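Trainee: Only the shape, not the letters, is given here:
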């Protein structure tokens, strides 16, 4: 699973999300508002290693739950690894570090009762009456028909008063230069949603902090992607993944792209399959870098995946193909919700940010 496919997996996954809620999706009432600032004097090309810096436990005045902050920092870490940076535990070894702040305010308004009057149509009626008729020849039975035409009457109804509201999760992230401790990049995003779990809404908003709706990067890519250095072997399987959580507490790799004619495709794996085990080892709460290392195989090596699909557990066996062969064969990628297949070559992968139409990238729910 090569790193040049990693960013593509994220972009096509988000672009293809459409009709129903799947891992990584969220119901929203509006498009998020995003603001990004960069230090014009910063040399982002010098940054390779990063760390995350929790503050909730250290700041007694912080209103953040330290556990939720840790969850969001873990999600942020995985996205930075996707951008090619290498995570380090010791902040002293980092070229830069990131911190974040979140809030999740609930706002509601009262809508008073309303009285409306509409025209109500009463259909016409035809009535037939049986009667005894008398004449010169005697009496006999007959009928008389009376028709009443349709007409409109005013109908009044009252809509009761009610409260309507939404959560307004806000995520703010800052990037600090380690040598100077000055802020060189910062971003904020807020959205309205019925989702009350800020770990889930925050995970969703992180996409906005890093990539614009039009597909342009808000955050600089690593100039020397260290992530590729972990990918030393030449076997590939043909799938992309993101580390996502469905409940805020448990993070798993979720398949976000499946390359046609690849081992993943032939084995029947699908986008949105949740990988719960790799070679009998649990993937729960493992970072992206460790999952990538577990996929790093030589050509012909086998890999056993356990995936969860629609609450059913499936065991799938894969055999890695040669990277060179994959480059010539895997020229189409299938993504959930996409219209047909998106043709690409490996040389086009880095140009995809500017080429793919992502006008509806974050409009996950119609």
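Mentor: Noted; the coordinates are in hand. Keep in mind that this is a model prediction, so the values were computed, not measured.
Trainee: Doesn't residue 257 belong to a strand?
Mentor: Yes: counting by DSSP: H, G, I helix; E, B strand; the rest coil, residue 257 falls inside a strand.
Trainee: Report how many residues lie close to it.
Mentor: 26 (other CB atoms under 10 Å). C-betas here are computed from N, CA, C, even on glycine.
Trainee: tell me the pLDDT at it?
Mentor: What the model reports as pLDDT for residue 257 is 84.
Trainee: pretty sure it is in contact with residue 239, am I right?
Mentor: Yes: between residue 257 and residue 239 there is a contact under CB atoms under 8 Å: 6.5 Å.
Trainee: Which helix runs longest in this structure?
Mentor: Looking across the chain with DSSP state H, the single longest helix is helix 66-82.
Trainee: Go through that helix and flag the buried ones.
Mentor: Within helix 66-82, the residues scored as buried using 16 or more other CB atoms under 10 Å are 68-82.
Trainee: wait, which of those residues is closest to residue 174?
Mentor: residue 76 (11.0 Å; CB to CB).
Trainee: Report the separation between that closest one and residue 144.
Mentor: 84 Å (CB to CB, to the nearest Å).
Trainee: residue boundaries of the strands in the stretch 101-250 of the chain?
Mentor: For the stretch 101-250 of the chain, the strands defined by DSSP state E, counting those that start in this stretch cover 114-122, 125-135, 138-148, 151-159, 162-177, 183-190, 235-236, 239-245.
Trainee: Of those strands, which is nearest residue 41?
Mentor: Taking CB to CB, strand 183-190 is the member of the strands of the stretch 101-250 of the chain nearest to residue 41, at 8.4 Å.
Trainee: What count of nearby residues applies to residue 196?
Mentor: Counted by other CB under 10 Å, the residues lying close to residue 196 total 12.
Trainee: if I look at it, how far off is residue 160?
Mentor: 25 Å.
Trainee: can you check residue 234 too?
Mentor: From residue 234 to residue 160 the distance is 67 Å (CB to CB).
Trainee: Which one's more surrounded, these two?
Mentor: residue 234 (19 against 8).
Trainee: and the nearest residue to that one once chain neighbours are set aside, what does it touch?
Mentor: The shortest distance from residue 234 to any non-neighbouring residue, by CB to CB, 6 or more residues apart in numbering, is to residue 323 (4.8 Å). Taking CB atoms under 8 Å, 6 or more residues apart in numbering, we find residue 323 in contact with 2, 234, 235, 236, 299.
Trainee: And the residues you listed, which is the shakiest by pLDDT?
Mentor: Within the contacts of residue 323, the minimum per-residue pLDDT falls on residue 2 (44).
Trainee: so where is the stretch 251-366 of the chain shaky, pLDDT-wise?
Mentor: For the stretch 251-366 of the chain, the stretches with pLDDT under 70 are 330-366.
Trainee: what does stretch 60-69 rub up against?
Mentor: 54, 55, 56, 57, 100, 101, 102, 103, 198, 199, 202, 248.
Trainee: Please list only the buried members of these.
Mentor: Using 16+ other CB under 10 Å as the burial test, the contacts of stretch 60-69 include 54, 56, 100, 101, 102, 198, 199, 202, 248 as buried.
Trainee: nearest to residue 177, of these?
Mentor: Distance to residue 177, by CB to CB, is smallest for residue 100 among the buried ones among the contacts of stretch 60-69, at 16.7 Å.
Trainee: Which helix or strand contains the closest one?
Mentor: strand 96-111 (DSSP states H and E).
Trainee: For that strand, name the packing helices and strands.
Mentor: The contact analysis (3 or more CB pairs under 8 Å, 6 or more residues apart in numbering; DSSP states H and E) places strand 96-111 against strand 49-52, helix 66-82, strand 162-177, helix 198-210.
Trainee: ok so, going back, need the contacts of stretch 60-69 in TSV (columns: distance to residue 280 and pLDDT).
Mentor: Converted to TSV, the contacts of stretch 60-69 look like this (distance: CB to CB, whole Å; pLDDT from 0 to 100):
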residue	distance to residue 280	pLDDT
54	32	92
55	38	88
56	36	83
57	35	77
100	35	94
101	39	94
102	36	95
103	41	94
198	34	95
199	28	94
202	32	94
248	26	88
